[in-house]
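Q: Build me a model:
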Amino acid sequence: MTTPRIRGIVPAAPIVYTDATCRTIDEDAYRAHLRFLLQHDIGGLCVGGHAGETECLTMQERLTVVRIAREEAAGRVPIMGGVIADSTWSAIDQALALKEHGVDLALYCLPNIVGWDADTADGMVLGHFGAIDRATKLPFFIYGGPGDRSSCRLMPATFERLAVSCEYLTGMKIAVRGIATGENSFTDCVNALARAKEKTGRTVDAFIAGDANLCGALAAGAAGTINACESIRVEDNTVLYNAFLKGDREAAQRIQDTMKPLADIIYGMAVGRSFTYFHYRFKIATWMLGRIPNAFMRLPQVPPPADEFQMIYDALVATGKKPVRQPHEFAVATEFASV
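A: Below you'll find the model as predicted:
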């Protein structure tokens, strides 16, 4: 199997449901949104991970969205399928099913293990991905990094060990707070992968999770970004990425600065809000722009506080976007609509 190399902007596409119950995927609306994303100069499509609600989908639903993505991409860009599992054997089974259904590579989230210790005891993660690597022989990315306070926390020293030991590891989707320099920064992660390459001759690319400081990540050595916000601003970030590649960093930075009000509210922390609602916020913004017919998500995802709908709308306007739906138009049918 040829190992795909992806670069640039990789949208993590949201699932679209037929109504507020979220019982059924709206395949036509999902397909239409993928077509919108594919109109732009993207480097791949991610149809798994948390933005695609993979942990809330049945295996058959996961394979359905993979099929739709493959049909729409028609070989133009690689398809990345998401794997979320706390058991190594479950992760292997999921990955083999995705491989059989034609994904080009997998994106793994780390197991959600109580007492996970990323700093001093990484044997668990090395054993987990070593077994996956040997059993599936499918190129893969891992989502995690030193900036994530959850079980997705993964340190640069472990990056290096994983990149040395896993033959099919192709890239890291890195969650990190500090981009430029210092211990556990994005640069530290990039350097760890470079040290692994010196030992193996294999390249493992660094991608930034999120786009709040895409320019900084690219300057630090990122090959691109894999994130959900491309549903809102794929037209902006593809231009930013190409401007950066051409050496016009001022133009790239201007685009990023223009997008800052939107990044602040979507990610939440810069305006004193919880990061927890990130995926729901980006989906609401996508809906407000008219790109999907509704923004509902399956439980346990619940909508952000009511006042944030207006904040999202105002941020879209502030960045030059033109919402076609008003905040008050969002309504959940019942408190437990997804049950």
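
Q: So, low pLDDT: which residues of this structure?
A: Applying pLDDT under 70 to the chain flags residues 1-3, 114-115, 148-151, 178, 180, 332-339.

Q: Need the residue closest to the centroid of it.
A: Closest to where the C-alpha atoms of the chain average out (Cα atoms, centre = their mean) is N227, at 3.5 Å.

Q: Now the biggest helix by length in the chain: buried residues?
A: In the chain, taking DSSP state H as the definition, the longest helix is helix 249-267. Using 16 or more other Cβ atoms under 10 Å as the test for burial, helix 249-267 gives 252-253, 255-256, 259, 261-267. Any C-beta I mention is one placed from the backbone N, CA and C, and that applies to glycine too.

Q: possible to save the residues you listed as CSV with distance to D211?
A: Below are the buried residues of helix 249-267 laid out as CSV (distance: Cβ to Cβ, whole Å):
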residue, distance to D211
A252, 12
Q253, 13
I255, 10
Q256, 8
M259, 8
P261, 14
L262, 10
A263, 7
D264, 12
I265, 14
I266, 9
Y267, 9
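
Q: Just the closest of these to L63, please.
A: Closest approach to L63 among these (Cβ to Cβ): I266, at 29.3 Å.

Q: picking up where we left off before, past the longest helix of the chain, which element shows up next along the chain?
A: Toward the C-terminus, helix 249-267 is succeeded by helix 278-288 as the next helix or strand (DSSP states H and E).

Q: From the chain's centroid, how far away is that next one?
A: Chain-centre distance of helix 278-288: 14 Å, with Cα atoms, centre = their mean, to the nearest Å.

Q: Over to stretch 5-14?
A: Using Cα atoms, centre = their mean, the offset of stretch 5-14 from its chain centre is 8 Å.

Q: what does stretch 33-47 give?
A: 13 Å.

Q: Could you tell me the end-to-end distance of it?
A: 12 Å (Cα to Cα, to the nearest Å).

Q: Would you map the strands across the chain?
A: 8-11, 45-46, 79-83, 105-109, 140-143, 169-174, 205-209, 224-227 (DSSP state E).

Q: Now distance to R298 too, for those, in JSON lines please.
A: Below are the strands of the chain laid out as JSON lines (distance: least, Cβ to Cβ, whole Å):
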{"stretch": "strand 8-11", "distance to R298": "20"}
{"stretch": "strand 45-46", "distance to R298": "18"}
{"stretch": "strand 79-83", "distance to R298": "15"}
{"stretch": "strand 105-109", "distance to R298": "17"}
{"stretch": "strand 140-143", "distance to R298": "20"}
{"stretch": "strand 169-174", "distance to R298": "22"}
{"stretch": "strand 205-209", "distance to R298": "22"}
{"stretch": "strand 224-227", "distance to R298": "20"}
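
Q: what's the closest of the ones you listed to A163?
A: strand 169-174 (5.8 Å).

Q: which of the buried residues of helix 249-267 sit farthest apart?
A: Largest pairwise distance in the buried residues of helix 249-267, by Cβ to Cβ, is 21.7 Å, between A252 and I265.

Q: Identify the residues contacting I292.
A: By Cβ atoms under 8 Å, 6 or more residues apart in numbering, the contact set of I292 is 14, 16, 29, 33, 231, 283, 286.

Q: is it true that the second one touches L34?
A: Which is V16. No. Proximity of V16 to L34 does not meet the contact threshold set by Cβ atoms under 8 Å, at 10.0 Å.

Q: What's the local residue count around R134?
A: Per other Cβ atoms under 10 Å, the neighbour tally for R134 reads 12.

Q: er, C215 I mean
A: Neighbour tally, C215, other Cβ under 10 Å: 21.

Q: Of the contacts of I292, which belong to helices?
A: Filtering the contacts of I292 for helices - DSSP H - leaves 29, 33, 231, 283, 286.

Q: out of the contacts of I292, who's nearest C166?
A: For those, the nearest to C166 is P14 (29.1 Å; Cβ to Cβ).

Q: how far away is the nearest residue to that closest one once chain neighbours are set aside from L240?
A: Leaving out its chain neighbours, the residue that sits closest to P14 by Cβ to Cβ, 6 or more residues apart in numbering is K283, at 5.0 Å. Per Cβ to Cβ, to the nearest Å, K283 is found 22 Å from L240.

Q: cool, and R35?
A: 22 Å.

Q: same thing with K99?
A: K99 is 33 Å from L240, by Cβ to Cβ.

Q: If anything else comes up later, I'll come back, but that's it for now.
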